[in-house]
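# Got a sequence here, can you build the structure:
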Amino acid sequence: MAGYLIQTDGRPLADVQRQLRKYLPGLDARLFPVDEDRALLRGHLLEALQREYTAPPEVWLSVLGMQAPKLLNDDEILALLRTRDADALPALRPPMPAPVGTLDWHLDMVRAPAAWQLLGGASAIAWGSTRVAQLDTGYTRHPAFGFNAATWIDVASGRTDLPPPPNGGNAFVPSEPGGGLDPVTGFNGGHGTRIGASISGHDLVADGRPFYGVAPRVPHLPIRMTDAVWINHAQRQFADGLDYAVQQGAGAVNVSLGVVLGQVLPQMRQSLDRAYEAGVIVVCAAGNYVDPVVLPARLSRTVAVAGVTAKEQPWSGSSFGPEVDFSAPAADLRRADPRSPTKFRYLGGGDGTSYATAITTGAAALWLTYRRADLAAAYAGRAWCVPEAFRRLARQTARVPGGAWQPGAFGSGILDIAALLAAPLPDLTPADKAPPA
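Numbering: from 1, shown residues only. Presented below is the predicted three-dimensional model:
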């Protein structure tokens, strides 16, 4: 029961959302607009209304300002999201959460500043051999990546490998710049920059206050293998890109992408197995707007991350399920914006488990750097222990927030990077090895 299409009774969607939040005060109750008077309402919110209020549905639907909801399957939800005009949608997001001092709220929630201090501070981390890779839409020359000075993006090794256009070709497909550069076209153009900056960003003069990724200035390999976050059609490119990331020495790979309502190809499974055996941490988004955790996050040798809000509530747009390891911030984040017609800038309103995944990839880079000597000593000759230890420790040290938490759906708690770095490495035996993907 992933979601319902609702139409208002003439009231603005913003008014309907305010009413929804009034009657579900303990939940992240928000609508996801489709157009001016229609929106997606997640199924678990409608179920909560039915549990809480005994009046007939037509009564509380009228109070909320909704017409009779239409149950949608996952295919229909994805079709609606793909065809909506994002620029014409009403703004329903809550006000941007206040920063903590000069830092964005999500950094404080996962205790990134305390973790940075263990490594000399946000602007002084010596990354050594640590590097991350990102399978996504590529990168742009945004100041968040240091392109106004010296970048830490591995421009020389950046890679572009996209699937061919559907139906045998399309004369209107733009030419590719190559090298992992994102031309900011396609359904999710610019996604790689928005998510990548949340991993490695570092801009001390960003729109009046500093902008930091969780792993500021970590060496960052961009791999452009899609122009959309749904990659059912790009599994071969995923597999080749992940193999390339491993060959290039990435210790953690960010996958803010998903295969939705489809079968995973053997090539994808095999590449995940190779990465795991090589000691690479593959961090994957649980998914958005559909209930089941998407592939590859639900496979055994990945780290699956769901999303929470600034109020430490499960984000209503997050996919969820028993495959989730833990959660991280995924709503109302400040993010790098690559689409401005005049200059690169920063905007609020970043939503999605893509961001939770990026935050976790940054945490993995910090952990690999802080524990480098310990990892080499503890797991010599057993590279698979590195991703297994990371997942185990991140789950164990995750902080369970006050109020209702759903450990069977949103994992063990909220990522706590400082606690993760401080935790001693576990003793692992062959019995702890995850089964093949």
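# Go ahead and name everything in contact with stretch 391-401.
Contact partners of stretch 391-401, identified using Cβ atoms under 8 Å, 6 or more residues apart in numbering, comprise 281, 303, 308, 312, 325-327, 360, 363, 367, 407, 411-416, 419-420, 422-423, 425-426, 432. For every residue, glycine as well, the C-beta is placed using N, CA and C.
# Please apply the same query to stretch 34-46.
Counting by Cβ under 8 Å, 6+ apart, 1-8, 10, 13, 16-17, 20, 24, 27, 29, 31-33, 66, 69, 71-72, 77, 80-81, 84-85, 88-90, 92, 289, 291, 316-317 sit against stretch 34-46.
# Filter these down to just the ones in strands.
Within the contacts of stretch 34-46, residues falling in strands by DSSP state E are Gly3, Tyr4, Leu5, Ile6, Gln7, Phe32, Pro33, Leu71, Leu72.
# Restricted to buried residues, select those residues in ChimeraX.
Buried subset of the ones in strands among the contacts of stretch 34-46, written as a ChimeraX selection, criterion 16 or more other Cβ atoms under 10 Å:
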select :3,4,5,6,7,32,33,72
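# which pair in the ones in strands among the contacts of stretch 34-46 spans the largest distance?
Farthest apart among these by Cβ to Cβ are Pro33 and Leu71. That separation is 18.5 Å.
# Counting neighbours, what do you get for Gln247?
Residues near Gln247, counting by other Cβ atoms under 10 Å, number 11.
# and if you look at Gly121?
Gly121: 11 neighbours (other Cβ under 10 Å).
# mind checking how far it is from His202?
To His202, Gly121 is 12 Å away according to Cβ to Cβ, to the nearest Å.
# Kindly report the same for Phe320.
Distance from Phe320 to His202, by Cβ to Cβ: 32 Å.
# One more: Thr353?
According to Cβ to Cβ, Thr353 stands 23 Å off from His202.
# Which of the two has more residues huddled nearby?
Relative neighbour count places Thr353 above the other of Thr353 and His202, with 33 against 23, counting by other Cβ under 10 Å.
# what comes into contact with the lowest-mean-pLDDT helix or strand in the chain?
Least confident helix or strand of the chain, by mean pLDDT, DSSP states H and E, is helix 74-83 with a mean of 83. Residues from elsewhere that reach helix 74-83 (Cβ under 8 Å, 6+ apart): 2-3, 5, 32, 34, 40, 72, 187, 230, 260-261, 289-292.
# wait, isn't Val290 in contact with Ala2?
Yes - using Cβ atoms under 8 Å, Val290 is in contact with Ala2, at 4.9 Å.
# So the two - more neighbours on which side?
Remark: of Val290 and Ala2, Val290 carries more neighbours, 23 against 19, as counted by other Cβ under 10 Å.
# Could you break the chain into its assigned domains?
Listed by automatic domain parsing, the domain ranges of the chain are 3-88, 105-432.
# pLDDT of the last one, averaged?
Per-residue pLDDT values over domain 105-432 give a mean of 94.
# how far out from the middle of the chain is that domain?
Computed by Cα atoms, centre = their mean, to the nearest Å, the chain-centroid distance of domain 105-432 equals 7 Å.
# can you give me the end-to-end distance of that domain?
Counting by Cα to Cα, to the nearest Å, you get 35 Å between the two ends of domain 105-432.
# for stretch 180-190, same thing?
One end of stretch 180-190 to the other measures 12 Å (Cα to Cα).
# So for that stretch, what gets flagged as buried?
Neighbour-count burial for stretch 180-190 [16+ other Cβ under 10 Å]: Gly180, Leu181, Asp182, Pro183, Val184, Gly186, Asn188, Gly189, Gly190.
# what are the ranges of the strands in the stretch 151-300 of the chain?
159-160, 202-203, 211-212, 220-224, 252-255, 281-285 (DSSP state E, counting those that start in this stretch).
# At which residues are the helices of the chain located?
13-23, 43-52, 57-64, 74-83, 105-109, 112-117, 191-200, 235-247, 266-277, 353-370, 372-378, 385-397, 407-410, 417-422 (DSSP state H).
# re the thing from before, figure out which of the strands of the stretch 151-300 of the chain is closest to Ala55.
Short answer: strand 281-285, nearest of those by Cβ to Cβ, at 37.5 Å.
# Mind listing residues that contact that closest one?
Strand 281-285 is contacted by residues 242, 251-258, 272, 275-276, 294, 296-297, 301-305, 352-354, 356-357, 360-361, 364, 368, 386-387, 390-391 when judged by Cβ under 8 Å, 6+ apart.
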